[in-house]
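**Student:** Got a sequence here, can you build the structure:
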Amino acid sequence: MPIETIMDKNFKDEQVILPAFIHRPDLQSWSQRGVFGLIAVAGLTLWFYLFVPLLSLLAWWFGWHRFDQYIVHDYQQGFTQHLAVLVAVVMVLGLMLLGWASYNILRFYNNERRHAMPDVQAGDMAHFYELETSAVEQAQASQVNLFFYDRHGKIVNMAFPALPQVPEPEQKA
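**Tutor:** Numbering: from 1, shown residues only. Prediction:
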């Protein structure tokens, strides 16, 4: 049994014919798409201009109402006495943050500690891999490198095969 929708209930005996571009928006011309796009942008702009400030006003009122209800007029829990302590804690934390920022400004002013790592020299790389410096330089210069390792990951041999030469196509005169 098919599911009956509101459209089916309201238009049981009527034949509803919808325009073709509702089902196929690609049938709309670029000018129609542009006009409907401008209408949508205008509607969103109007909504942001009118409705969002109203939501902000309601949120502000709700927040003030809650603050007034639970902080200012709640004498049984003594929140008004603790409000001064809360403000003092916020002030102390803010002063600590300002002090830390001032210390860092004084310590690192005009002192750039970040810089690029120095290039690794062939001698250092040869020492690390326990190779000859000339072998490292040859490996850096070649296009294809084959390394052979032992069980412990130490390089035991290297090969530098040449790339095959592709013959250039003959030019017709």
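
**Student:** domains for this structure, by residue range?
**Tutor:** Under automatic domain parsing, the residue ranges defining each domain of the chain are 8-73, 78-109, 122-159.

**Student:** just those: most buried one?
**Tutor:** Compared across the domains of the chain, domain 122-159 shows the largest average neighbour count, a mean of 12 (mean count of other CB atoms under 10 Å). Heads up, the C-betas are built off the backbone N, CA and C, glycines and all.

**Student:** Compute the distance from the centre of that one to the centre of its chain.
**Tutor:** 40 Å (CA atoms, centre = their mean, to the nearest Å).

**Student:** Endpoint to endpoint, it covers what distance?
**Tutor:** Across its full length, domain 122-159 reaches 18 Å between end residues, using CA to CA, to the nearest Å.

**Student:** The domains of the chain: lowest mean pLDDT?
**Tutor:** Lowest mean pLDDT within the domains of the chain: domain 8-73, a mean of 78.

**Student:** On the C-terminal side of the helix ranked longest in the chain, identify the next helix or strand.
**Tutor:** Ordering each helix of the chain by length in residues (DSSP state H) puts helix 30-67 first. Scanning forward in sequence from helix 30-67 by DSSP states H and E, the next helix or strand is helix 79-108.
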